[in-house]
Every structure is written in C-alpha cells, then in structure tokens.
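Peer 1: Have a look at this fold, sequence not included:
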C-alpha cells in the first residue's frame with residue numbers, strides 16, 4: 001500500500017534549512033494496522049503529512065497505491081485527498097465543524113465529493129458507538145465522542161488508507177482503548193490500511209507492527225512476538241498484553257541505525273569495531289589503548305617526521 005525509498009523532506013527559509021526526513025525507507029502492506037513512534041523532531045509527523053498529501057516530498061520515492069506523491073499534480077492531489085486517504089487530527093477543532101451536528105459533519109465530505117449517502121453516514125456513527133448522538137453538536141460531545149466522530153468523518157468517502165495523528169493524545173485510558181478497538185474492527189471488517197502516529201506506548205504495543213523513527217530515518221521495527229519487551233527506543237511501553245520482537249532496519253546500501261539505548265549502554269560514540277564469526281555480527285566499543293600501546297602506535301606511524 002505504501003512504499004517510501006530514500007524519502008527526503010527539507011524545509012527552507014531565507015536563513016535556515018532543516019532536513020526533517022533524510023533518506024527514510026518504509027513499506028506498509030495493504031490492510032495493515034501499524035504504529036509509528038518517535039521523539040519530537042524525529043520526522044514522524046512530517047512523514048504522516050506527506051502520506052496525507054498535506055506536504056510535498058523534496059526527493060526520493062513515495063507511493064501510496066497507484067499514486068506517486070513525488071510527481072502528483074495539484075489537481076490529482078485534491079482527488080487523492082478526497083478519495084484515497086482519510087486523516088484524523090489530534091486537535092478535534094481541526095476534525096469537526098462546530099456548528100454542525102455529528103451526522104452533518106460526517107455527511108459534509110460526502111457532499112463535497114458528490115457521493116452523498118446518508119444511510120452510510122449513520123452506519124459509520126453506529127460503528128463508532130454514537131448512533132444516539134447523531135443530532136448533537138460539538139459542545140454537546142465529550143472529547144472522546146468528538147474523536148470518534150472524527151474517525152467516522154475520515155471514513156466518509158471510503159478511503160483505502162487511514163492516517164491518525166496522536167488519536168488518543170487528549171483522552172483517558174478507557175477512551176483510548178475504545179478508540180483502538182474501533183481501529184481494529186474497521187481494519188478487520190473494512191480492510192482499510194491504518195497508520196497511527198503516537199506517543200502512547202501502550203497503544204503502540206497493541207498493534208501488529210511498530211516502526212520507530214529517529215533523526216528522520218527508520219531506526220527499528222517491532223513485530224508481534226513473545227516474550228514481552230519493556231521499552232521501545234528507550235521509552236517504557238507498560239506492555240502487559242501482546243509482545244513484540246525488535247529488528248533493526250537496513251537500507252539498500254546496508255546501513256542501519258543501532259538503537260540509541262544499546263549505544264549508550266556500550267558507551268559507543270562515533271566509532272565502533274565490528275567482528276563476524278561466521279554466524280554472528282558483533283558491534284563493540286573501541287578498546288582503549290594503554291599508555292605504552294599509544295606510544296608504540298605513535299612511533300609506528302611516524303619515522304623521521306614522515307608518515308609510514
């Protein structure tokens with residue numbers, strides 16, 4: 001469903017240039033439910049905005065289904081955003097029109113696309129557990145109810161891809177679990193591909209695959225396995241349910257990002273030694289030289305002031 005290879009995004013102003021994505025590679029299968037995590041400034045929101053057609057990539061390759069988002073025209077981009085992708089914002093004010101009812105909010109994108117289907121709009125609100133709130137306006141809904149209306153809105157035009165930016169960031173744990181259950185049901189019954197960007201590690205731990213992004217590149221993946229793990233990118237997950245196994249991600253050139261927690265534990269900074277014993281690749285911190293070894297090394301490198 002999604003293929004990104006060497007994806008680069010550069011933000012420029014008159015005085016500064018910021019590289020938000022620097023050669024990111026990721027593949028997401030059709031019908032997959034997965035999460036993307038990373039610290040602030042890692043590039044995860046930039047990736048989501050590019051996949052949602054809200055931002056343009058600077059270089060590389062990014063394809064969603066049959067769409068090439070690097071070469072897409074402005075007119076095609078409107079069609080892409082209207083029919084292929086649905087977006088859920090963390091800020092409910094960006095999801096909903098305050099003076100419309102819940103049902104009218106879901107119906108509006110249908111009207112704009114010319115596919116008005118009031119029965120389907122009601123069905124969507126029923127799927128998210130809000131059939132009793134059809135005629136309520138924004139101020140009459142709780143934060144969790146507003147977010148569930150946002151999910152229904154994002155599915156109004158039957159998109160193949162659903163992008164959720166911190167969908168549980170402003171709700172309590174019970175509501176967060178309910179939202180995840182809705183995603184799981186929609187993914188299973190509708191077959192829609194769902195990508196969640198989140199800081200909620202407990203939520204990330206309940207999907208089949210988690211991709212960690214660091215410094216604008218994919219650093220590692222976590223795929224559902226046993227036994228349980230306790231941290232992702234050095235952050236506690238609080239996992240009590242489904243477990244994941246960690247994999248480092250190699251790009252086409254064979255480069256990888258070693259998890260930061262490992263580098264810190266081994267006190268590796270800048271350089272490392274690597275050994276291959278036929279079955280295993282071992283990465284170690286460089287061995288510190290003794291005073292005599294440093295002296296011998298220095299003498300072996302220079303003879304009569306010339307490099308040997």
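Peer 2: Nice, I can see it. This is a predicted model, so every value here is computed, not measured. Numbering: from 1, shown residues only.
Peer 1: How about the one residue sitting closest to the centre of the chain: which residues does it bridge to?
Peer 2: The residue lying closest to the centre of the chain (Cα atoms, centre = their mean) is residue 36, at 2.7 Å. Counting by DSSP bridges, residue 36 is bridged to residue 197, residue 211.
Peer 1: give the contact list for it.
Peer 2: By Cβ atoms under 8 Å, 6 or more residues apart in numbering, the residues touching residue 36 are 44, 47-48, 195-198, 210-213. Backbone N, C-alpha and C define where each C-beta goes, glycine included.
Peer 1: just residue 65 next, same as before
Peer 2: Neighbours of residue 65 in contact, by Cβ under 8 Å, 6+ apart: 1, 84, 160-161.
Peer 1: any idea how far residue 25 is from it?
Peer 2: In this view, residue 65 and residue 25 are 18 Å apart by Cβ to Cβ, to the nearest Å.
Peer 1: List the residue ranges of the stretch 1-150 of the chain that fall below the pLDDT cut-off.
Peer 2: By pLDDT under 70, the stretch 1-150 of the chain contains no weakly predicted segment.
Peer 1: in it, which spans are helices?
Peer 2: Here the stretch 1-150 of the chain has its helices, by DSSP state H, counting those that start in this stretch, at 44-51, 74-83, 92-95, 102-113, 118-127, 143-154.
Peer 1: Where does the record place the domain boundaries for this structure?
Peer 2: Using automatic domain parsing, the domains assigned to the chain come out as 2-84+159-258, 266-307.
Peer 1: Show me the two of the contacts of residue 65 that sit farthest apart.
Peer 2: With Cβ to Cβ as the measure, no two of those lie farther apart than 1 and 84, at 10.1 Å.
Peer 1: shared neighbours, these two?
Peer 2: Contacts common to residue 1 and residue 84, judged by Cβ under 8 Å, 6+ apart, are 64-65, 160-161.
Peer 1: just those residues now: which is nearest residue 189?
Peer 2: Using Cβ to Cβ, the shared contacts of residue 1 and residue 84 come closest to residue 189 at residue 160, 14.4 Å.
Peer 1: Do I have it right that the closest one meets residue 194?
Peer 2: No. Here residue 160 does not reach residue 194: they are 10.6 Å apart, not a contact under Cβ atoms under 8 Å.
Peer 1: And these two? Which one has more around it.
Peer 2: The residue with more neighbours, out of residue 160 and residue 194, is residue 194; 24 against 17, by other Cβ atoms under 10 Å.
Peer 1: Phi, psi for the more buried one please.
Peer 2: phi -120, psi 120 (degrees, to the nearest 10).
Peer 1: Turn the helices of the stretch 1-150 of the chain into a markdown table, including mean neighbour count and distance to residue 203.
Peer 2: Formatted as a markdown table, these follow (neighbours: other Cβ atoms under 10 Å; distance: least, Cβ to Cβ, whole Å):
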| stretch | mean neighbour count | distance to residue 203 |
| --- | --- | --- |
| helix 44-51 | 23 | 14 |
| helix 74-83 | 14 | 25 |
| helix 92-95 | 16 | 18 |
| helix 102-113 | 19 | 24 |
| helix 118-127 | 17 | 19 |
| helix 143-154 | 23 | 13 |
